[in-house]
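Colleague: from the sequence below, what's the structure:
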Amino acid sequence: MPLWGIGLMFFGTFLLFALAHYISKSKHPFKRSLLSMAVGILTLVAVNLSGSVTGVYLPISLVSVCVSAFGGVPGVTLMLGLNLFF
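Modeller: Have a look, this model is predicted:
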């Protein structure tokens, strides 16, 4: 996938989250949607940084970054669970 396609996908997800936060009457929908995506990516980074202690890590790829940005903490938890069983 070209780089502009990836950027467009992240921007579209950002706008979708912003719309969801706007509908739910959030005061700052853009800030909340950016925070939601950032928390997911930071959770993926935290799992990989603690991997030397816990022995569990998730490979950083386009798929894992997208799942963590779109799914947030539940998305990272899902990837950890799938990594455990497969």
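Colleague: was I right about residue 44 contacting residue 66?
Modeller: No: in this structure, residue 44 is not within contact of residue 66 by CB atoms under 8 Å, at 10.4 Å. To be clear about C-beta, it is placed using only N, CA and C from the backbone, and glycine gets the same treatment.
Colleague: who's more crowded, those two?
Modeller: Using other CB atoms under 10 Å, the more surrounded residue of residue 44 and residue 66 is residue 44, with 23 against 17.
Colleague: give the full set of residues in contact with the nearest residue to the more buried one once chain neighbours are set aside.
Modeller: What sits nearest to residue 44 in space, not counting adjacent residues and going by CB to CB, 6 or more residues apart in numbering, is residue 68, at 4.1 Å. Neighbouring residues of residue 68 by CB atoms under 8 Å, 6 or more residues apart in numbering: 40, 41, 43, 44, 75, 76, 79.
Colleague: mind listing what's buried in the least confident helix or strand in the chain by mean pLDDT?
Modeller: In the chain, the helix or strand scored least confidently by mean pLDDT, DSSP states H and E is helix 3-23, which has a mean of 88. Within helix 3-23, the residues that count as buried by 16 or more other CB atoms under 10 Å are 13, 14, 17, 18, 21.
Colleague: that one packs against which elements?
Modeller: For helix 3-23, the elements it packs on are helix 29-49, helix 62-85, judged by 3 or more CB pairs under 8 Å, 6 or more residues apart in numbering; DSSP states H and E.
Colleague: tabulate these (a markdown table), appending mean pLDDT.
Modeller: Listed next are the helices and strands packed on helix 3-23 as a markdown table, based on pLDDT from 0 to 100:
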| stretch | mean pLDDT |
| --- | --- |
| helix 29-49 | 92 |
| helix 62-85 | 91 |
